[in-house]
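Q: sequence and predicted structure below; questions after.
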Amino acid sequence: MADGFHHRYYRGVLLPKIAWALSGGKGDQAKIVGILHSAFKEYFCIGTTADLSNGRFMVYMSAILMIMVREKGRLIPFYNEPDDIEEMSMPEWLKLQKFIDK
C-alpha cells in the first residue's frame, strides 16, 4: 500500500494541476479532480488507488503525466521537478534530468 505522501501528492497537487491545465481554471476544480480520478482509474483498470504499492503508484502517476504530454501537450511537473518546467529550454531540462536520475 502506497504511503500517505503519494496519495497527498496525487490528490492535492497532481490532479489539481491537471484540472487547472485542462480547464484553464474555469469550473468547479474539485469536481474536475474527481472526474479525472475516476477516468484515470477506469483507463488503467484500477479498482482503487489505495491498494497500490509505492512503486505501482509511481508508475501510475508517471503514466498519467505521459498521457498529459502526449495527448494534451501539457507538461505537468512531478514532485521532484520545478514548477517552471514548461518554460525551460531543452538543455536546462536535460541538465535537470541528469540531476534527478542520480
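A: Nice, I can see it. Residues are numbered from 1 along each chain as shown.
Q: ok, and for the helix or strand hosting I32, which residues are buried?
A: Per DSSP states H and E: I32 is located in helix 29-43. By neighbour count on 16 or more other C-beta atoms under 10 Å, the buried set for helix 29-43 is I32, V33, L36, F40. Just so you know, the C-beta spots here come from the backbone N, C-alpha and C atoms, and that holds for glycine as well.
Q: same question for stretch 43-59.
A: Buried-residue list, stretch 43-59, by 16+ other C-beta under 10 Å: T49, L52, F57.
Q: what about the last one, is that helix, strand or coil?
A: Think F57. With DSSP: H, G, I helix; E, B strand; the rest coil as the basis, F57 sits in helix.
Q: who are the contact partners of it?
A: A2, H6, H7, Y10, T49 (C-beta atoms under 8 Å, 6 or more residues apart in numbering).
Q: quick one, grab the pLDDT at it.
A: pLDDT for F57: 91.
Q: is it true that D51 touches M1?
A: Yes: in this structure, D51 is within contact of M1 by C-beta atoms under 8 Å, at 6.5 Å.
Q: for the record, mean pLDDT for the helix holding I32?
A: The average pLDDT for helix 29-43 rounds to 94.
Q: send me that helix as CSV with only the CA atoms.
A: Output in CSV follows, covering the C-alpha atoms of helix 29-43 (Å, rounded to 0.1, in the frame of the first residue of the first chain):
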residue,chain,number,x,y,z
GLN,A,29,-12.0,22.4,-9.7
ALA,A,30,-12.9,19.8,-7.0
LYS,A,31,-15.5,18.3,-9.3
ILE,A,32,-13.0,18.1,-12.2
VAL,A,33,-10.4,16.4,-9.9
GLY,A,34,-13.0,13.8,-9.0
ILE,A,35,-13.8,13.2,-12.6
LEU,A,36,-10.1,12.9,-13.6
HIS,A,37,-9.5,10.4,-10.7
SER,A,38,-12.4,8.2,-11.9
ALA,A,39,-11.4,8.5,-15.5
PHE,A,40,-7.7,7.6,-14.8
LYS,A,41,-8.7,4.6,-12.6
GLU,A,42,-11.0,3.4,-15.4
TYR,A,43,-8.4,3.9,-18.1
